[in-house]
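**Q** Predicted model follows, preceded by the sequence.
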Amino acid sequence: MTVKQNPHSAPTLYLAMELSNREWKLAFGDGRQERQVTIPARDQARLRQAIAQAKAKLGLPAAAPIYSCYEAGRDGFWIHRLLEKIGVVNLVVDSASIEVNRRQRRAKTDRLDAQKLLTMLLRYRLYGEKALWSVVRVPSEADEARRRHHRNEERLKKERQQHLVRMKSLLVLNGVNVPRLPKDWRAVRDWDGRPLPAEVLRELEQEQARLDIVVSQLKELEEARAQRLRTARKEEAAPAAERWALKLAELNGVGEDTAWKLAHEFFGWREFQNRRQVGSAAGLTGSPYSSGDSQREQGISKAGNARVRHLMTELAWRWLRFQSGSELARWYERRFGTGTKRMRRVGIVALARKLLVALWRYGAHGVIPQGVLIKAA
């Protein structure tokens with residue numbers, strides 16, 4: 001049973017922040033009184049001033065502790081680090097876990113959202129309702145910066161595909177269908193054997209120039225990643241994420257690219273206590289719906305890291321091929337191997353969750369999954 005605390009026992013300032021691109025709505029309270037102010041977005045001086053004024057207006061001492069919260073979003077974690085720097089104990093809250101009114105037409109304004117956040121913060125801090133919402137784990141600045149490498153690589157790969165599709169589409173418009181793009185666009189002939197129009201040639205050459213830039217940048221990123229892994233093999237004090245990448249890449253079926261992404265996106269910067277936390281952080285846990293006589297399974301929650309979820313689904317298919325003798329692969333074949341295509345797709349998600357937990361145990365505790373093949377040194 002949760003023991004309620006007296007909201008008037010210790011003078012404390014509570015702050016909820018509703019963020020937008022132009023202005024921030026700040027809702028202050030002490031458990032008895034509330035006030036709201038609006039400041040320009042990213043104005044650090046006004047933020048400090050608003051906090052000091054709120055303490056004076058609410059009759060709190062200047063040294064009163066401050067607890068705050070804001071929704072995770074576009075601004076990321078720099079605001080969290082700013083608040084901690086000025087002595088505020090802050091929470092970054094998962095937006096999808098915040099309670100909302102279920103009416104079809106409900107009032108929604110920044111003022112109401114800030115007031116709702118403040119109310120939930122008071123419930124979380126004063127009355128110990130820890131299951132009230134989901135709190136986001138904030139990575140260190142170094143860990144967050146390291147994630148830019150593979151995310152930038154993902155974006156460049158999409159751009160490369162866009163340029164390739166665009167050039168092939170231009171050729172198809174002129175009756176040309178080639179398996180590979182030619183090196184000399186001026187040698188290409190249209191459906192009637194004539195040279196391509198000058199405007200089409202100009203657009204193709206511009207697309208080719210942009211594609212060449214993307215390809216060169218991708219090559220630079222791949223070389224930088226390979227160099228960092230070579231350095232991590234030699235140094236004992238290498239970053240945790242890179243040591244995780246080397247560990248995961250030892251398993252058959254887990255390539256260097258996959259190991260790198262899993263390490264920097266998921267395993268390398270956070271600590272898990274049990275398998276439930278691992279599955280939940282990736283959004284691979286079930287969502288049962290049971291009310292009265294109505295009982296059904298709604299599928300996985302998807303309330304986690306989407307990149308890891310997609311990556312593990314792809315890895316699960318590869319696992320069946322390269323680790324077919326492992327206990328995980330045999331479990332899948334026993335349970336879903338003779339089922340329909342739909343059941344096999346459902347089963348691959350279950351395998352992805354089990355595999356993610358197995359990889360965590362392998363990297364964190366050295367527990368080798370049963371029947372797994374290790375690459376030769």
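**A** The structure has been received and is ready for your questions.

**Q** which parts of stretch 337-352 are buried?
**A** Neighbour-count burial for stretch 337-352, with 16 or more other Cβ atoms under 10 Å as criterion, is recorded at 344, 347-352. Glycine gets a C-beta too; all of them are placed from N, C-alpha and C.

**Q** now swap in stretch 81-95 and tell me
**A** 83, 88, 90-93.

**Q** With stretch 92-105 instead?
**A** Across stretch 92-105, burial judged by 16+ other Cβ under 10 Å covers 92-93, 97-98.

**Q** Show only the entries of the buried residues of stretch 81-95 found in strands.
**A** Per DSSP state E, strands hold the following members of these: 88, 90-93.

**Q** As JSON lines, the residues you listed with pLDDT and distance to R74 would be great.
**A** Converted to JSON lines, these look like this (pLDDT from 0 to 100; distance: Cβ to Cβ, whole Å):
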{"residue": "V88", "pLDDT": "97", "distance to R74": "21"}
{"residue": "N90", "pLDDT": "97", "distance to R74": "17"}
{"residue": "L91", "pLDDT": "97", "distance to R74": "18"}
{"residue": "V92", "pLDDT": "97", "distance to R74": "13"}
{"residue": "V93", "pLDDT": "96", "distance to R74": "15"}
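
**Q** just curious, which of those residues is nearest to W191?
**A** Using Cβ to Cβ, V92 is the member of those that lies nearest W191, at 57.4 Å.

**Q** any chance of the buried residues of stretch 92-105 in CSV, with distance to E203 too?
**A** As requested, these are exported to CSV (distance: Cβ to Cβ, whole Å):
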residue, distance to E203
V92, 45
V93, 47
S97, 47
I98, 47
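
**Q** just the residues you listed now: which is nearest T285?
**A** Nearest to T285 out of the buried residues of stretch 92-105 is S97 (Cβ to Cβ; 13.8 Å).

**Q** got the contact list for that closest one?
**A** 133-134, 303 (Cβ atoms under 8 Å, 6 or more residues apart in numbering).

**Q** ChimeraX command to pick out the buried ones of those?
**A** Listed next is the ChimeraX selection for buried residues among those, using 16+ other Cβ under 10 Å:
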select :133,134,303
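
**Q** Among the contacts of S97, find me the one that's closest to R189.
**A** For the contacts of S97, the nearest to R189 is A303 (54.2 Å; Cβ to Cβ).

**Q** How about the closest one: what's its closest non-neighbour residue?
**A** G283 (5.0 Å; Cβ to Cβ, 6 or more residues apart in numbering).

**Q** Report the separation between the one you found and R330.
**A** Look at G283 and R330: by Cβ to Cβ, to the nearest Å, they are 26 Å apart.

**Q** picking up where we left off before, with the buried residues of stretch 81-95 in mind, which one is nearest to E256?
**A** When the buried residues of stretch 81-95 are compared for distance to E256 (Cβ to Cβ), V92 wins out at 31.5 Å.

**Q** what stretches of the protein score poorly on pLDDT?
**A** 1-9, 377 (pLDDT under 70).

**Q** which residues sit in contact with the most centrally placed residue in it?
**A** In the chain, the C-alpha nearest the mean C-alpha coordinate belongs to N305, at 4.1 Å (Cα atoms, centre = their mean). Applying Cβ under 8 Å, 6+ apart to N305 gives the contacts 265-266, 281-283.

**Q** one more time with 10 Å, if that's ok
**A** Contacts here follow Cβ atoms under 10 Å, 6 or more residues apart in numbering; on that basis N305 touches 265-266, 281-284, 311-312.

**Q** D212 now?
**A** H163.

**Q** now do R194
**A** The neighbourhood of R194, defined by Cβ under 10 Å, 6+ apart, consists of N174.

**Q** for the one 3 residues further on, same thing?
**A** Listed by Cβ under 10 Å, 6+ apart, the contact partners of P197 are 174, 190, 203.

**Q** Please apply the same query to I86.
**A** Contacts of I86 (Cβ under 10 Å, 6+ apart): 44, 47-48, 51, 66.

**Q** Let me see the ranges of the strands in this structure.
**A** Counting by DSSP E, the strands of the chain are 13-19, 23-29, 34-40, 66-71, 88-93, 286-291, 294-300.

**Q** Could I get these in CSV, plus columns for distance to R125?
**A** Conversion of these to CSV gives the following (distance: least, Cβ to Cβ, whole Å):
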stretch, distance to R125
strand 13-19, 7
strand 23-29, 11
strand 34-40, 15
strand 66-71, 5
strand 88-93, 9
strand 286-291, 28
strand 294-300, 31
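
**Q** Which one, of those strands, ends up nearest to T231?
**A** strand 88-93 (32.0 Å).

**Q** Just want the angle from that closest one to strand 13-19.
**A** 40 degrees (axes from the mean of the first three to the mean of the last three Cα atoms, to 10 degrees).

**Q** Please export the C-alpha coordinates of strand 88-93 as PDB.
**A** In PDB, the C-alpha atoms belonging to strand 88-93 read as follows (Å, rounded to 0.1, in the frame of the first residue of the first chain):
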ATOM      1  CA  VAL A  88      16.500  21.100 -10.900                       C
ATOM      2  CA  VAL A  89      15.600  17.400 -10.600                       C
ATOM      3  CA  ASN A  90      13.900  16.700 -13.900                       C
ATOM      4  CA  LEU A  91      12.000  13.900 -15.600                       C
ATOM      5  CA  VAL A  92      11.600  13.400 -19.400                       C
ATOM      6  CA  VAL A  93       8.200  11.800 -19.900                       C
END
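
**Q** Next, count neighbours for L26.
**A** 24 (other Cβ atoms under 10 Å).

**Q** Okay, and the beta partners of it?
**A** M17, V37 (DSSP bridges).

**Q** where exactly do the helices run in this protein?
**A** 44-57, 78-85, 110-126, 141-173, 198-234, 240-248, 256-262, 275-281, 306-322, 327-336, 341-365 (DSSP state H).
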